[in-house]
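[1] Sequence and predicted structure are below.
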Amino acid sequence: MDSIHIVGGKRLEGAIPISGAKNAALTLLPCALLTDGPLTLTNLPRLADVDTFSHLLNGLGVSTKIEGVRKGEVGRRMTLQAAEIASTVAPYDMVRKMRASIVVLGPMLARAGEATVSLPGGCAIGDRPIDLHLRALEAMGAEIELAAGYVKAVAPKGRLSGGDYSFPMVSVGATENALMAAVLATGRTQLFNAAREPEIVDLCNLLVAMGGRIEGIGSSHLIIDGVEGLNGCTYEVMPDRIEAGSYACAAGITGGSIDLIGARPHDMLAITNALAAAGLMVEFHDRGMKVSADGPLKPLAISTAPYPGFPTDMQAQVMAMLCVAQGESFLEETIFENRYMHVPELRRMGATIDVRGRSAIVHGVGGLTGANVMATDLRASMSLVLAGLAAEGETEVLRVYHLDRGYERLEEKLSAVGATIERRSAG
Ligand code: UD1
């Protein structure tokens, strides 16, 4: 098993290009199921999760072709085409590898009139049920049955019909499934208390480019008027705000200065506000934003919340940074019930953190020390990398496959700004 080896204590300085957003890619890719035309996505990140999702789509009859990038494009260019749906079953073997696979349910049901998807089950950061996905589809007439670990959804007479659904709590994935189903339903669908994450806006913009009719984009009230069919198009995946935020924390924790090229600061104001409150200098410019240390780090009080609140996907990385701030920080995790798995590992590096239920108090310490650590999820792994960059001595982060799911060319990007970091194969 590979590991990431870091010699900490280097001040990072320079520029890091921000890749296409993983979470946007994972909701744009299944849009290929909605049309028989070709869908070309550009600025796709090279990530294990994107590959896993492509394989899942291949199994459903979607062809995927990686093409050379054209002038002015960045990232990877992929053309997907579902001339016809070959299978309407997303099997356990694929879904267990990646919970986000559940978002094939809505588009498959909308296009083929039926879909069978393995239930994702629990994961390291909590139970993560899919009840809201199912309720929203039922509001569009879907008949749903759960049996043998699978959810089977059928649209009576082969087509969903528009309906209204008010989400009792904000869910990114359920909003995505509902949107992709509603665009091909008959009549109007209204979604209330929908998620407003920038990745949802990216999805809406792609659906509109494919011929979908959506009003209220960017708000929590989405109005979708179903159309008879959608067309293919070419669309650029938005930049990854969580990757950008993670590298901003790398600047903060190492007392450095990193220019995040391609970041879109207006999509991440809760993050940039937190960075500024921690005493970092955050400068927006037309190619991205620059984040620089400007004196000692200050403690923060942060509660995670759906967008435009502070993202749960940044909690672990900011916590790592706050371990070396001057004073006591308070963090509250309101989205997932078990998202402090990085805490015991950070403690092994010298951090002082008290966790009580969903709250954590981080007592700033003078410095961290390197250790062998491992994490159970993607963002937790990144928090350990950040701690390793600041720690005195050597850190080895095990279970690198978590990082490969969501950080493109991590070692390369961090080495380029002065980190001593390398991937080691266990042979
Ligand atoms: C997405 C993101 C993930 C991010 C999360 C919250 C992707 C691929 N993943 O995950 O990185 O951390 O949003 O911003 O985009 N819930 C229910 N029932 C449901 C659905 C969700 O109770 O049917 C609960 C979840 O358990 C959780 C909360 O709602 O407590 C939010 O989850 P949700 O927004 O759905 O997260 P994901 O879409 O899974």
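    Received it, and whenever you're ready, just let me know what you need.

[2] shaky segments in the stretch 1-150 of the chain?
    Residue ranges of the stretch 1-150 of the chain with pLDDT under 70: 121-127.

[3] same question, the stretch 301-427 of the chain
    Across the stretch 301-427 of the chain (using pLDDT under 70), the flagged ranges come out as 427.

[4] quick one, helices of it?
    Taking DSSP state H, counting those that start in this stretch as the test, the helices found in the stretch 301-427 of the chain are 315-322, 343-348, 378-390, 401-406, 410-415.

[5] Now render those helices as JSON lines, adding mean neighbour count and distance to the ligand.
    For glycine as for every other residue, the C-beta is placed from the backbone atoms N, C-alpha and C. Shown next, in JSON lines, are the helices of the stretch 301-427 of the chain (neighbours: other CB atoms under 10 Å; distance: least, CB to the nearest ligand atom, whole Å):
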{"stretch": "helix 315-322", "mean neighbour count": "28", "distance to the ligand": "9"}
{"stretch": "helix 343-348", "mean neighbour count": "18", "distance to the ligand": "17"}
{"stretch": "helix 378-390", "mean neighbour count": "28", "distance to the ligand": "8"}
{"stretch": "helix 401-406", "mean neighbour count": "20", "distance to the ligand": "9"}
{"stretch": "helix 410-415", "mean neighbour count": "19", "distance to the ligand": "17"}
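
[6] and the ones you listed as a markdown table, adding distance to Glu13?
    Listed next are these as a markdown table, based on distance: least, CB to CB, whole Å:
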| stretch | distance to Glu13 |
| --- | --- |
| helix 315-322 | 17 |
| helix 343-348 | 24 |
| helix 378-390 | 12 |
| helix 401-406 | 22 |
| helix 410-415 | 12 |
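
[7] With Leu44 as the reference, name the closest of those.
    Closest approach to Leu44 among these (CB to CB): helix 401-406, 13.4 Å.

[8] Mind giving me the packing neighbours of that closest one?
    helix 48-59, helix 378-390 (3 or more CB pairs under 8 Å, 6 or more residues apart in numbering; DSSP states H and E).

[9] The longest one vs helix 48-59, what angle?
    Read that as helix 378-390. 150 degrees (axes from the mean of the first three to the mean of the last three CA atoms, to 10 degrees).

[10] From the chain's centre, how far out is helix 378-390? Work that out for me.
    17 Å (CA atoms, centre = their mean, to the nearest Å).

[11] repeat for the shortest one
    Taking the mean of its C-alpha atoms, helix 48-59 sits 16 Å from the chain's own mean (CA atoms, centre = their mean).

[12] and that helix, what other elements does it pack with?
    In terms of contacts (3+ CB pairs under 8 Å, 6+ apart), helix 48-59 is packed against helix 22-28, strand 63-67, strand 76-81, helix 92-95, helix 401-406.

[13] Name the residues of the longest one that come out as buried.
    So that's helix 22-28. For helix 22-28, the neighbour count (16 or more other CB atoms under 10 Å) marks 22-28 as buried.

[14] Skipping its backbone neighbours, what lies nearest Gln315 in space?
    Leaving aside its chain neighbours, Gln315 sits nearest to Thr304 (5.4 Å; criterion: CB to CB, 6 or more residues apart in numbering).

[15] and that neighbour, how many residues sit next to it?
    21 (other CB atoms under 10 Å).

[16] With Met281 instead?
    By other CB under 10 Å, the residues close to Met281 number 14.

[17] Distance check, it against the ligand.
    The gap separating Met281 from the ligand is 27 Å, by CB to the nearest ligand atom, to the nearest Å.

[18] is it true that that residue touches Ser292?
    Yes - the pair formed by Met281 and Ser292 meets the contact definition of CB atoms under 8 Å, at 4.6 Å.

[19] In contact with Gly370: list those residues for me.
    Going by CB atoms under 8 Å, 6 or more residues apart in numbering, Gly370 touches 6-8, 349, 388, 391-395.

[20] distance between stretch 414-427 and the chain's centre?
    Using CA atoms, centre = their mean, the offset of stretch 414-427 from its chain centre is 23 Å.

[21] same thing with stretch 175-185?
    That offset, for stretch 175-185, works out to 19 Å (CA atoms, centre = their mean).

[22] for stretch 167-178, same thing?
    Taking mean C-alpha positions (CA atoms, centre = their mean), stretch 167-178 and its chain are 15 Å apart.

[23] List of residues touching it?
    So stretch 167-178 is contacted by 23, 27, 100, 102-103, 105-106, 130, 132-133, 136-137, 140, 165, 189, 191-195, 197, 199-200, 203, 220, 222, 306 (CB under 8 Å, 6+ apart).

[24] got it, and stretch 295-310?
    Here stretch 295-310 has contacts from 170, 172, 195-198, 252-253, 269-271, 274, 277-280, 311-312, 315, 318, 321-322, 324-335, 362, 364, using CB under 8 Å, 6+ apart.

[25] and stretch 403-418, how far apart are its ends?
    Taking CA to CA, to the nearest Å, stretch 403-418 runs 20 Å from one end to the other.

[26] distance between it and the chain's centre?
    Between the centre of stretch 403-418 and the centre of its chain there are 16 Å (CA atoms, centre = their mean).

[27] Can you name the residues in contact with that stretch?
    4, 10-17, 19, 22, 45-49, 242-243, 246-247, 250, 256, 258, 378-379, 381-382, 385, 389, 397, 421-423.

[28] Just the buried ones from those, in ChimeraX syntax?
    To isolate in ChimeraX the members of the contacts of stretch 403-418 that are buried, counting by 16+ other CB under 10 Å, one can use:
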select :4,10,12,13,14,15,16,17,19,22,45,47,48,49,242,243,246,247,250,256,258,378,379,381,382,385,389,397,421
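
[29] Verify the contact between His402 and Ala375 for me.
    Yes - His402 lies in contact with Ala375 (CB under 8 Å); the separation is 6.1 Å.

[30] Cheers, nothing more for now.
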